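Novice: model this:
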Amino acid sequence: MLSHNSIIKEFPSLFRRAGDHMSFGGFDCGPGWLTLVRVACLSIDWERNRAQDKIDRGVKAGVSPTVEELQATYDETVWPAIAQIKEKYGTLRFYADHTTDREECFVEFAETLSGFICEVCGAPGIQRSGSWIKTTCDEHTKTD
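Specialist: Reported below is the predicted structural model:
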């Protein structure tokens, strides 16, 4: 079953700050958005692996990568690191360091979709105002 902890365990390099309470702001969103979080993490992880494969194929073909390419691809200190995931104003928010423009697009896509998905169950939802802005389906609007 998908949970906050299962996502952290599946992507240890992205959540490498999770044990450091000074630099990790937490992972706090409803269960309905966990699939969005996982897809964004899969996409970022895939992008990082794609960059490594590109360099590996180039080396096999006799093409030497630049120092910058090597550092960006293999130096974990410049890999994406999630600092915090939370709900804010009815949508998902990712705060990450060292993301490329392409990786940032994956994050923005998940954040945008969250405004149309119930944060409780994952069904289609809409943003609703009250004391807090929440994105919920009709069923969870009545119970929350």
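Novice: Show me what the strand or helix carrying L92 is packed up against.
Specialist: Assessed by DSSP states H and E, L92 sits inside strand 91-97. Where contact means 3 or more C-beta pairs under 8 Å, 6 or more residues apart in numbering; DSSP states H and E, strand 91-97 is packed against helix 34-60, strand 81-88, helix 101-114. C-beta: built from backbone N, CA, C; applies to glycine.
Novice: mind checking how far the residue nearest to G90 when sequence neighbours are not counted is from D45?
Specialist: What sits nearest to G90 in space, not counting adjacent residues and going by C-beta to C-beta, 6 or more residues apart in numbering, is I133, at 3.7 Å. Separation of I133 from D45 (C-beta to C-beta, to the nearest Å) stands at 30 Å.
Novice: who's more crowded, the two?
Specialist: A direct count of neighbours by other C-beta atoms under 10 Å for I133 and D45 places D45 higher, at 18 against 14.
Novice: which residues of the chain score low on pLDDT?
Specialist: Applying pLDDT under 70 to the chain flags residues 21-23, 71-77, 143-144.
Novice: quick one, phi psi at the residue nearest to G90?
Specialist: When read as degrees, to the nearest 10, the backbone of I133 gives phi -80, psi 120.
Novice: thinking again about what came up before, got a list of contacts for the strand holding L92?
Specialist: Applying C-beta atoms under 8 Å, 6 or more residues apart in numbering, the contact partners of strand 91-97 are 14, 25, 29, 33, 36-37, 40, 44, 80-87, 103, 107, 110-112, 114-115, 119, 127, 135.
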